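Asks: the sequence isn't on hand, but the structure is:
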């Protein structure tokens, strides 16, 4: 790999005697990581059903390393959302945010969804997650990953951060800012980032990061926490950006996380509460992260003037859904039921009006009202556990392995005469089927079939 000369000259100046070890890391094999999804599988089942995993990632609760030959993205459990493939260092930011159940969280620059899905696992179906992405094509990928991982309580937006600053003043308990950056820390993983890099691009990124951070500050509640992270080495985008932000926002301070000692032991380098992850010091790519808290105690009056959600479903709108739920589900879904045309969505409690926003995913899509019936959406299947439904067909295992047939869209065997049935693989939901006299009509989405 040919690194830009301006980059190597700067790194020599930054690292001094450590520079040779840093450059050597580009010759070494990089680390590969994934996280199991606690919304859909527990650690014991994950370790049993994904045998090719290696050691645990020391700074990420659900993180594991895996061998590059494993190809986990091709496995049915990946399609079922049992795990998310993510670079190990990138798992650090969500851990620093220290999300608690019930929190309202915003991931401001969220695509493709690694940090959002990690946060969703920590929320465990409680509170609310708003995942935002400025670029439309990336927002669609973000929404697909939120769906695959079975997240019920997330809204996906495709907005400028300034729009969110106006819409959600002092609304969130936690905010994640994984800011667009020059990508220096990803050179070993993505050689295209090398070709796009320049000193002028570093300056462009730093200016944009300042704007995003100020918008993030305005949507955080007093007493709330915010994490700023990048995958770059440049001081301009990291320490300088943080210090300038603190100068502009006097009510923010850096806070060392409660897992500080654990991070230092894992190889993080800390300076004034800011953490650097160097590829020659740990198993991961280059990363930077810092945690802030907002000290002000008086909320902006505007935070109390938020409009309620529009398009709330009427009783008549939910008639067929309720019939479906009574026949199919063992649980009662809670939240705000809203309508978009004939489609029914479930918004998390506490969400305000979405009017005027570019919405990619309005919470959990439950399904569509059709003539005299309700048809459940694939997203609902992925958000359910086997115990949540009355009928389940397991497609994994050596004796009754039908998962390949199901993913191809074929009819599979079942023991039910009729009714909507949840299809699972290794006890993890992957889609719907409709039983008819011992066969299961396939409702796996055509766009996902192999």
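Replies: Nice, thanks for sending it over. What you see is a predicted model, and the numbers here were worked out from it, not measured in a lab.
Asks: what secondary structure does residue 307 sit in?
Replies: coil (DSSP: H, G, I helix; E, B strand; the rest coil).
Asks: low-scoring stretches of the chain, by residue?
Replies: 297-305, 398-400 (pLDDT under 70).
Asks: so what are the domain limits for it?
Replies: With domains defined by automatic domain parsing, the chain comprises 5-294, 307-383, 386-450.
Asks: dump those domains to CSV, plus mean neighbour count.
Replies: Placement of C-beta: from N, CA and C, glycine included. Listed next are the domains of the chain as CSV, based on neighbours: other C-beta atoms under 10 Å:
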stretch, mean neighbour count
domain 5-294, 20
domain 307-383, 17
domain 386-450, 17
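Asks: shouldn't residue 290 be within a strand?
Replies: Yes - under three-state DSSP, residue 290 falls within a strand.
Asks: my read is residue 223 is in a helix, agree?
Replies: No - going by three-state DSSP, the assignment for residue 223 is strand, not a helix.
Asks: mind checking how far it is from residue 292?
Replies: According to C-beta to C-beta, to the nearest Å, residue 223 and residue 292 sit 12 Å apart.
Asks: packing partners for the helix or strand containing residue 324?
Replies: Using DSSP states H and E, residue 324 falls within helix 319-328. Helix 319-328 is packed against strand 364-370, strand 373-376, strand 418-425, with contacts defined by 3 or more C-beta pairs under 8 Å, 6 or more residues apart in numbering; DSSP states H and E.
Asks: same for the helix or strand following that helix, what does it pack against?
Replies: Next along the chain after helix 319-328, taking DSSP H and E as the criterion, comes strand 336-340. Counting contacts by 3+ C-beta pairs under 8 Å, 6+ apart, strand 336-340 is packed against strand 343-347.
Asks: who does the helix or strand that the strand it packs on is followed by pair up with?
Replies: Next in sequence after strand 343-347, counting helices and strands by DSSP H and E, comes strand 359-361. Paired strands of strand 359-361, with direction, are strand 154-157 (antiparallel) (DSSP bridges).
Asks: what about the helix or strand that comes right after the strand it pairs with, distance to the chain center?
Replies: With elements assigned by DSSP H and E, the helix or strand that comes after strand 154-157 is helix 161-167. Taking the mean of its C-alpha atoms, helix 161-167 sits 20 Å from the chain's own mean (C-alpha atoms, centre = their mean, to the nearest Å).
Asks: residues touching helix 161-167, excluding its own?
Replies: Outside helix 161-167, the residues within contact range by C-beta atoms under 8 Å, 6 or more residues apart in numbering are 106, 108-109, 130, 132, 134, 157, 211-212, 214-216, 218-219, 352, 356-357.
Asks: quick one: distance of whatever helix or strand comes next after it to the chain centre.
Replies: For helix 161-167, the succeeding helix or strand toward the C-terminus, using DSSP H and E, is strand 172-178. Centre-to-centre, strand 172-178 and its host chain are 12 Å apart (C-alpha atoms, centre = their mean).
Asks: how about stretch 426-442?
Replies: Taking C-alpha atoms, centre = their mean, one finds stretch 426-442 lying 27 Å from the centre of the chain it belongs to.
Asks: same check on stretch 323-335?
Replies: 26 Å.
Asks: gap between the two ends of it?
Replies: Length of stretch 323-335, first residue to last, C-alpha to C-alpha, to the nearest Å: 18 Å.
Asks: make 39 the starting number, not 1.
Replies: Let's use 39 as the start, then, which means that last one is stretch 361-373.
Asks: please report the distance of the closest residue to residue 351 other than its chain neighbours from residue 53.
Replies: In space, not counting the residues next to it along the chain, residue 351 is nearest to residue 375; the distance is 3.9 Å by C-beta to C-beta, 6 or more residues apart in numbering. Remark: distance between residue 375 and residue 53 (C-beta to C-beta) = 56 Å.
Asks: likewise for residue 77?
Replies: Distance from residue 77 to residue 53, by C-beta to C-beta: 40 Å.
Asks: likewise for residue 354?
Replies: Going from residue 354 to residue 53 by C-beta to C-beta gives 67 Å.
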